[in-house]
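Colleague: any chance you can model this:
(chains A, B, C and D, ligands or ions: 4)
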Amino acid sequence: MIRNSDLVERLYRGLRLVRRAEERVAEIYPSDKIKSPVHLSIGQEAASVAVCDVLGPDDIVGGTYRGHALYLAKGGTLRGMLAEMYGKATGAAGGKGGSMHLVSAEHNVLGATAVVGTNIPIAVGAALSAKMRRSGQVVACFFGDGASEEGVFAESLNFAALKNLPILFVCENNFYAIHEPLDKRWATRRLCERVATYGIPTHLIDNDDVLAMHDASKAAVERIRAGGGPEFIEYHAYRLREHVGPNEDFSAGYRTDTEAEPWRALDQVTVLAAMLDDKRRAEIDADVEAEIAEAEKFAEESQPPALEELHRHVYAD
Amino acid sequence: MIRNSDLVERLYRGLRLVRRAEERVAEIYPSDKIKSPVHLSIGQEAASVAVCDVLGPDDIVGGTYRGHALYLAKGGTLRGMLAEMYGKATGAAGGKGGSMHLVSAEHNVLGATAVVGTNIPIAVGAALSAKMRRSGQVVACFFGDGASEEGVFAESLNFAALKNLPILFVCENNFYAIHEPLDKRWATRRLCERVATYGIPTHLIDNDDVLAMHDASKAAVERIRAGGGPEFIEYHAYRLREHVGPNEDFSAGYRTDTEAEPWRALDQVTVLAAMLDDKRRAEIDADVEAEIAEAEKFAEESQPPALEELHRHVYAD
Amino acid sequence: MSTQTEQGGRILTYVDAIREALTQEMEADESVFVFGLDVDDHKGIQGSTKGLVEKFGPERVFTTPLSEDAMTGAAIGAAMTGMRPVHVHIRMDFLMLAMNQLVNMAAKTHYMYAGAYKVPMVVRSMIGKSWGQGAQHSQGLHSMFAHVPGLKVVAPANAYDVKGCLISAIRDNNPVIFMEHRLLYFTDAYVPEQSYALPFGKARTHGPGDGKGGDVTLVGVSNMVMECLRARELLADAGVAAEVIDPVTLVPLDFESIAASAKRTGKVVIVDNAWLNCGFSAEIAARIAERDDLRHVRIRRMGYAPTTCPTTPWLEKEFYPNPVTIAGEAYALARPDGAKWTPDPKHAELAYQAKFRGPF
Amino acid sequence: MSTQTEQGGRILTYVDAIREALTQEMEADESVFVFGLDVDDHKGIQGSTKGLVEKFGPERVFTTPLSEDAMTGAAIGAAMTGMRPVHVHIRMDFLMLAMNQLVNMAAKTHYMYAGAYKVPMVVRSMIGKSWGQGAQHSQGLHSMFAHVPGLKVVAPANAYDVKGCLISAIRDNNPVIFMEHRLLYFTDAYVPEQSYALPFGKARTHGPGDGKGGDVTLVGVSNMVMECLRARELLADAGVAAEVIDPVTLVPLDFESIAASAKRTGKVVIVDNAWLNCGFSAEIAARIAERDDLRHVRIRRMGYAPTTCPTTPWLEKEFYPNPVTIAGEAYALARPDGAKWTPDPKHAELAYQAKFRGPF
Ligand SMILES: Cc1ncc(C[n+]2csc(CCOP(=O)(O)OP(=O)(O)O)c2C)c(N)n1
Ligand SMILES: Cc1ncc(C[n+]2csc(CCOP(=O)(O)OP(=O)(O)O)c2C)c(N)n1
Ligand SMILES: [Mg+2]
Ligand SMILES: [Mg+2]
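Modeller: Ligands and ions are numbered 1, 2, ... in the order given. Modelled structure (predicted):
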């Protein structure tokens, strides 16, 4: 299939930015400059990058503590992300949220939560609001395979389908919840089939393919925007680093490096890089490195929040 | 199909006892002698009576505030039930629980809860315990269509299937949650199909048929006891009285008397009565009336709990 | 507020005042919607939402599946994106299913996102009592919510306050736990026809009258305000003048009004519609105890017995404070060396007929 | 307990003491099992369950789906039918997902069924702190549980107590909320090798030493006991002798030990690992205030700032009480007219190295 090279460029830039930014975060981490736990998405950047490319600026997204990719892909600034990790006043959440709670009202990032599954009904509520306000917005809700085990997920699907809400559910299945594999948590792997019983169209992409994800979500978002109601995508990708922290953890014993091999072979950053001519790719890479360097400098030089900030934002005026 | 007439007699006696006892409760109710809300099962006695006939004394059941049928069918005494409704010390729960919390440890009735759905994971826990204790017990868990909307139901199904627990889930679908019809609560009616995605065998009985329910649950309980894991039955029956209280409420407007007609025609008390010769039926009816009269007298004459009872049972020794 | 009748005050029940507040706010602001189990049926949450669906249509007034957790999240998400949901629960006990969303999200969203989003939502729920409500349909759990910064907690005890507070709650840009009591539903009071918002953090002091300070202060919560007012009438028989304080809003709390009365009387009985341990009554007692200028104040707490609520009326009547037990406790505190006194049972009966209609 | 070393006491960390208690109870009683998210992985809940699955097998030690609500119900159902589950949560914040089962079922089952069933279960959870735990991984929510009759609440602050209390909790026939603190995990103390059960409802008083009564009483909860002990060392510099009381179990509560110390010192600072409003600190203050024989006692409360917990360390350090702020508050209370004093920063640094190993 012939690809629009703008699309490939956009997706590559998006993937590359998240990948390199997180690799840089991992390098910085041992310095203790980063004042919060980091849940890296290295290996699973594609779902967020593809879906956010499809969404418009007014569309809404909500995600989880593993939310760097989503925040950046939806337009959140790298400056805001790094400054937040550094605990600085200039961070996306003024230093109050940390790595697990990236947010950008400007880019309609509803925020990210650290209590698994909690973000799902909130995204549904945003979709209910979009429908009631006739705003034409579509909401995309991201969560992991573990989140699908929380009862609130089933409740949210039923309500979204019942009310025919404009929401795309994206389950990023990386086969693990922390160190626990699917087989210790799921009675069966028939998730899409289960979701379909609510009358929700489902799509499975089981080979970490950013272009396939782009196609699937583009079609889905169009149907949703046209009033077709909720859809669901299960996207398989592999977490290449430890659950939380900067390192690999194949030596820990709960999974093997061999298991990761096929996923490394699918690595979407590499795959898309190969679709671009070297010159163009080099330009993009250079831009990305420059953006990272600039953002890092910004985070380093930013001031910590003033003490009065502790008592601000408890209640809204 | 030829029926063993002992079976028909047992089921008829069971149905008749619940029906007449609740009719009597409804008659007494206006006198204010009954000190708690009553959720009558008139019209939906069959599921409990059939399943409990299949279960042995060591098997365990758990139900809901609409639990008179289950409590009686599993062997709970009518004396205990009426005395409990009267708030007397001799009640099933010493007057502390009321109509919504009937219990009998002696008959392995785990109790009944008034927070919808809450009893489901508790029954799953009892099944987990039965399996860990290698007790050979089977657990039957009863709940309504509304309870299936609570997230804990999905969580419970997944866990029961994952651990291959000895439990029979019985959803008594009467098409309403209080006054709200299914269509305002369920995105689709594909409940059995959804449950099946957990790898749980499902059975639908959509015509209030106590003998069909007996066959289905007998086969299911045998498979479960043999280690086959959880099964699920959706049983359709109709609530002929108001959600709570002694009266009919077809004039309220949320449902019509016409809707009830086909269900009245299926009335299982009448259907089974017709299978018995008049003499035998008359004997059973007489026994039932005598049991009710005796239990009512017992409840009337029993003493209220002593004041010290208020502070007993807060903590177990 | 004595001009209220001229303002069009008329006698209205608590339940009708709730419905009027919802109606007026839905008319005034189309971002307001009302949802929750059974809000649209013919009973309409004991009448408090009756007729709203006919007036505003099923898109703004709708029932939900039995999914308290997700529905609470949905309210938060809708509130974050421009709507003003009023989420209704027929019993406060059911809020336990919504605790994760209320405590971990609603209360924290504005703060942990440094003001990026607001959560203007109201969670209405009702405390049940008597007629066999029992263990799971009777709990006043407000102290759990008052414990968590970011939530507001409101407990109006009369028809006038419930209208003004509900309107304020709907207009508030924060999550508000709005606590009603089943037994207050059919109490009535002078309630203006027009819309009015009562400021949060303003307690109501029912003085002993004729400008005098009282002998003892009774602080009541929700329905216990009524019980305290009844106790006050009984205490009058024994020549004890009681000031009754209704905090109206628990968070924010107008502690100064309580402190002022405590300072006057030197004796405070706090009567909560909840258990005592780590409850709102403990908070009031603690704040008095921390204040060096209130060290002369003697304090007693009353509330639920430290047990689960039993259904049988013979035990249930011992579970709750009532005008007689409240008056007894207050008398003992006010007249430590006074002759033993217990309220006249006949008067106690009558006290239940007493109406407290304001004007407030 | 001074004979402990002879009894085989040796230095053990809090985390190892937890694991030892679980191991000994699982060996002693096969109805005991341990489950919850990640109890069987290589990290084993920071080590507290490490190795258990190898020792007792996957039927008695297992992880679960992310389904806190159902898993809590499952624990209750198992407990009602002959098992003794220990349900583990890595953060106390996650208990909000289990509130319905804990408050509406676990706490009420024995009562509303008039003793027909018992619920012998333990719910372990850990309070997180620092390193960006933030809003949803840092909460001490014990007052919510202490509020509800039927639940017991335990908060051991050292390795010796955590072993003895966990063993008692497992043997208890009621639901026990067992509260641990992340920062206590690597503290150590003398801990006997053999199994021992500590009675609930017995507070621990760390007197000022040489049998003297102190100038001020510090009541600490969980990790705040450690902070109070550190504060006590700082206060010594200013010649203020502090008695530190560790309630160990919040429900049941040994109030008499607190009252006795309060009576001696006349000044109490309650330092909770939680918010103040309607918190456990309020309960202690209220009980002191209600006691006519303690009316001379002056009271202060300290705890979390009335905000959500921020992640950035620059704000987080202001969120929690610490030895310096505790000592400052205690000094001001103990020496109202004393010269202004703030602890020596160098000593404050050192205070963090101080070990409190008992024997307890
Ligand atoms: C409700 C809840 N339970 C447990 C945890 C602890 N926890 C943090 S991340 C995680 C795994 C979630 O797995 P998944 O949803 O697949 O997301 P992933 O980390 O794989 O991206 C768990 C169990 C939590 N944060 N919230
Ligand atoms: C968690 C919870 N939400 C709401 C209620 C109020 N309520 C009581 S019964 C009921 C309807 C339940 O319907 P269903 O499960 O179908 O049982 P049925 O009454 O039809 O037998 C509701 C909503 C409740 N008791 N518990
Ligand atoms: Mg995962
Ligand atoms: Mg139903």
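Colleague: who does the helix or strand harbouring residue A:221 touch, helix- and strand-wise?
Modeller: Take DSSP states H and E as the rule and residue A:221 turns out to sit in helix A:210-223. Counting contacts by 3 or more C-beta pairs under 8 Å, 6 or more residues apart in numbering or on different chains; DSSP states H and E, helix A:210-223 packs against helix A:5-28, helix A:46-54, strand A:167-173, strand A:202-205, strand A:231-236, helix A:268-275. C-beta: built from backbone N, CA, C; applies to glycine.
Colleague: those: which one's closest to residue C:103?
Modeller: Proximity to residue C:103 (C-beta to C-beta) singles out strand A:167-173 among those, at 24.7 Å.
Colleague: got the angle for that closest one vs helix A:46-54?
Modeller: 160 degrees (axes from the mean of the first three to the mean of the last three C-alpha atoms, to 10 degrees).
Colleague: average pLDDT for strand A:167-173, rounded please.
Modeller: Averaged across strand A:167-173, the pLDDT comes to 99.
Colleague: what's the burial count for residue A:131?
Modeller: 21 (other C-beta atoms under 10 Å in any protein chain shown).
Colleague: now it, what's its secondary structure?
Modeller: helix (DSSP: H, G, I helix; E, B strand; the rest coil).
Colleague: tell me who's in contact with it.
Modeller: A:163, A:164, A:165, A:166 (C-beta atoms under 8 Å, 6 or more residues apart in numbering or on different chains).
Colleague: ok, so of those, who is nearest ligand 3?
Modeller: Taking C-beta to the ion as the measure, ligand 3 lies nearest residue A:165 of the contacts of residue A:131, at 24.7 Å.
Colleague: tell me if residue C:132 really is in a helix.
Modeller: No: secondary structure of residue C:132 (three-state DSSP): coil, not part of a helix.
Colleague: so what's the closest residue to it other than its chain neighbours up against?
Modeller: Spatial nearest neighbour of residue C:132, excluding adjacent residues (C-beta to C-beta, 6 or more residues apart in numbering or on different chains): residue B:36 at 2.6 Å. Contacts for residue B:36 (C-beta under 8 Å, 6+ apart) come out as B:85, B:87, B:98, B:99, B:100, C:131, C:132, C:134, C:311.
Colleague: number of nearby residues for the residue in the stretch 201-317 of chain A that chain D sits nearest to?
Modeller: Proximity of the stretch 201-317 of chain A to chain D (C-beta to the nearest C-beta) peaks at residue A:304, 4.0 Å away. Residues within reach of residue A:304, counting by other C-beta under 10 Å, total 18.
Colleague: tell me the contacts of it?
Modeller: Per C-beta under 8 Å, 6+ apart, neighbours of residue A:304: A:87, A:88, A:89, A:95, D:312, D:314.
Colleague: can you flag the buried ones in those?
Modeller: A:87, A:88, A:89, A:95, D:312, D:314 (16 or more other C-beta atoms under 10 Å in any protein chain shown).
Colleague: now those residues as TSV including pLDDT, distance to residue A:262 and secondary structure?
Modeller: Shown next, in TSV, are the buried ones among the contacts of residue A:304 (pLDDT from 0 to 100; distance: C-beta to C-beta, whole Å; DSSP: H, G, I helix; E, B strand; the rest coil):
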residue	pLDDT	distance to residue A:262	secondary structure
A:87	97	38	coil
A:88	98	40	coil
A:89	98	44	coil
A:95	97	40	coil
D:312	97	40	coil
D:314	97	44	helix
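Colleague: what's the closest of those residues to residue A:251?
Modeller: Nearest to residue A:251 among those, with distances taken as C-beta to C-beta, is residue A:87, at 30.6 Å.
Colleague: and that closest one, how far from residue A:33?
Modeller: For residue A:87, the distance to residue A:33 equals 9 Å [C-beta to C-beta, to the nearest Å].
Colleague: please apply the same query to residue C:309.
Modeller: 54 Å.
Colleague: just the helices in the stretch 201-350 of chain C please.
Modeller: Under the criterion DSSP state H, counting those that start in this stretch, helices of the stretch 201-350 of chain C are mapped to C:223-237, C:255-265, C:280-290, C:313-319, C:323-334, C:345-351.
Colleague: to residue B:78, which of those lies closest?
Modeller: helix C:313-319 (21.6 Å).
Colleague: how about that closest one: buried residues?
Modeller: Quick answer for helix C:313-319 (16+ other C-beta under 10 Å): C:313, C:314, C:315, C:316, C:318, C:319.
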